[in-house]
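In: Sequence first, then the predicted structure:
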Amino acid sequence: MVNNQIEDVKSRLDIVEVVSGYIKLHKTGANYRANCPFHAEKTPSFFISPTRQMWHCFGCGKGGSAFDFIMQIEGVEFGDALRTLAQRVGVELKAFKPEMKEFNTERTKLCEIEDLATQFFEKQLGSSKAGKEAKDYLLGRGISEESIKYWRLGYSPDTWQGLLDFLIGRGYKKAEVEKAGLAIKKPDGGHYDRFRGRIIFPVFDINSQVIGFGGRVFSQKDAKEIAKYINTPATVLYDKSKTLYGLDRRADSVS
Ligand code: ZN
């Protein structure tokens, strides 16, 4: 089952496309070359063979498949690279057996939480009275329905554990939601939602994975009393120094 899914992802991947998301490639005959991202060099010795769907660096000796490239450049494990690339080519991975530990990494779990939270926030935007006000606010600011969908904007209800309850209902632990940057731990050990009564802007990585959120208040009254804009803190997924808001979408619109 797992092997089938790996093959399925592999068959749909284009290694040139994957690597070119990270470094600039130059075509040379049937192959591509670039300055190696894994060692310092001035003359390109990093090669990609589209026919073999492999890469190799003659400088540092590193090489392999698109999976290996993602593992190296993102510093993640195989299961994470698989997940990233599956998402990229639109293959929905079936739940892995719990005993397949390499697919059950912390990173994967956090990605799942971010995905579910995004869906939760999206659903709230426009569905409750406050959610409708949030949506009207966005539309009033000239943000179109299409943009709202495209950027996956959402609304976090003004409750203390709306999202927490939703995620716990899906089998996640409070501590995991906290690790994903979506819950705050109280001194007494309890947890509450970080984002309450805010318009939610997901932050994406280069592979369209949601890795964090920004939340903005939109009513005048609120803006005076609390922080206008808050962000997910740094997490395993969300490294602020590395992240660009909407980077993947920008890349889409260029190509
Ligand atoms: Zn190299």
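Out: Okay, I see it. Numbering: from 1, shown residues only.
In: what's near enough to touch the most centrally placed residue in the chain?
Out: Centrality entry for the chain: nearest residue to the mean C-alpha point is Q209, 2.1 Å, by C-alpha atoms, centre = their mean. By C-beta atoms under 8 Å, 6 or more residues apart in numbering, the contact set of Q209 is 84, 87, 111, 114-115, 237. For glycine as for every other residue, the C-beta is placed from the backbone atoms N, C-alpha and C.
In: For the residue in the stretch 101-250 of the chain that the ion sits nearest to, the count of nearby residues, please.
Out: Residue of the stretch 101-250 of the chain nearest the ion, by C-beta to the ion: I206 (20.2 Å). Residues within reach of I206, counting by other C-beta atoms under 10 Å, total 17.
In: So it versus G21, what's the distance?
Out: Using C-beta to C-beta, to the nearest Å, I206 is found at 5 Å from G21.
In: ok, now which ones touch D14?
Out: By C-beta under 8 Å, 6+ apart, the contact list for D14 reads 50, 53.
In: Quick check: residues of the chain near the ion?
Out: Contact residues (C-beta under 5 Å from the ion) of the chain with the ion: 36, 38-39, 57, 59-60.
In: Just the buried residues out of the residues you listed, in PyMOL syntax.
Out: Buried members of the residues of the chain next to the ion, defined by 16 or more other C-beta atoms under 10 Å, are picked up in PyMOL with:
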select buried, resi 36+57+59
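In: Closest one of the residues of the chain next to the ion to S128?
Out: Proximity of the residues of the chain next to the ion to S128 (C-beta to C-beta) peaks at F38, which lies at 48.9 Å.
In: In a helix, that closest one, correct?
Out: No: F38 is assigned coil when assessed by DSSP: H, G, I helix; E, B strand; the rest coil, not a helix.
In: Run through the residues that contact it.
Out: The neighbours of F38, taking C-beta under 8 Å, 6+ apart as the test, are 46, 57, 60, 62, 72-73.
In: likewise V210?
Out: Going by C-beta under 8 Å, 6+ apart, V210 touches 111, 114-115, 117-118, 152, 202-204.
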